[in-house]
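>>> Predicted model follows, preceded by the sequence.
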Amino acid sequence: MFSTRLKRRHRKKHINWKEMFAVLYAFASWSERWQDARVIVFSDNTSVVDGINKHTIRGAAINPLQRLFLVAARRNIEVARSLGPH
């Protein structure tokens with residue numbers, strides 16, 4: 001687990017953006033260690049899970065989603081089917 005403070009300009013953004021940004025932040029932080037690996041993302045946000053699985057999401061959350069897949073491609077990381085809570 002990790003935590004960080006969002007910049008003030010991001011605080012009023014939609015929860016989907018914030019949750020997707022958290023996943024992107026994890027990839028940006030640890031992608032070097034995950035290079036050439038398979039990563040499964042768990043989230044309780046169904047929009048984020050669907051966005052990762054379908055490679056698309058509505059609204060501003062598309063920006064961190066696209067960056068997530070860019071980081072994954074650069075490091076040869078397979079983003080496996082994302083899973084929600086059980």
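Cool, the structure landed.
>>> Tell me who's in contact with the residue sitting nearest the centre point of the chain.
By C-alpha atoms, centre = their mean, the mean C-alpha position of the chain lies nearest to Val23, the distance being 2.9 Å. By C-beta atoms under 8 Å, 6 or more residues apart in numbering, the contact set of Val23 is 41, 43, 48, 52, 64, 68. In short, each C-beta sits where N, CA and C put it, glycine included.
>>> is it true that the first one touches Asp50?
No. Using C-beta atoms under 8 Å, Val41 is not in contact with Asp50, being 11.7 Å away.
>>> Looking at the two now, which is surrounded by more residues?
Val41 (18 against 14; other C-beta atoms under 10 Å).
>>> Could you list the buried residues of the worst-scoring helix or strand of the chain on mean pLDDT?
Lowest by mean pLDDT, DSSP states H and E among the helices and strands of the chain is strand 78-83, with a mean of 85. Within strand 78-83, the residues scored as buried using 16 or more other C-beta atoms under 10 Å are 79, 82.
>>> May I have the strands that pair with it, each with its orientation?
strand 38-42 (parallel) (DSSP bridges).
>>> and the partner strand, how far from the chain's centre?
10 Å (C-alpha atoms, centre = their mean, to the nearest Å).
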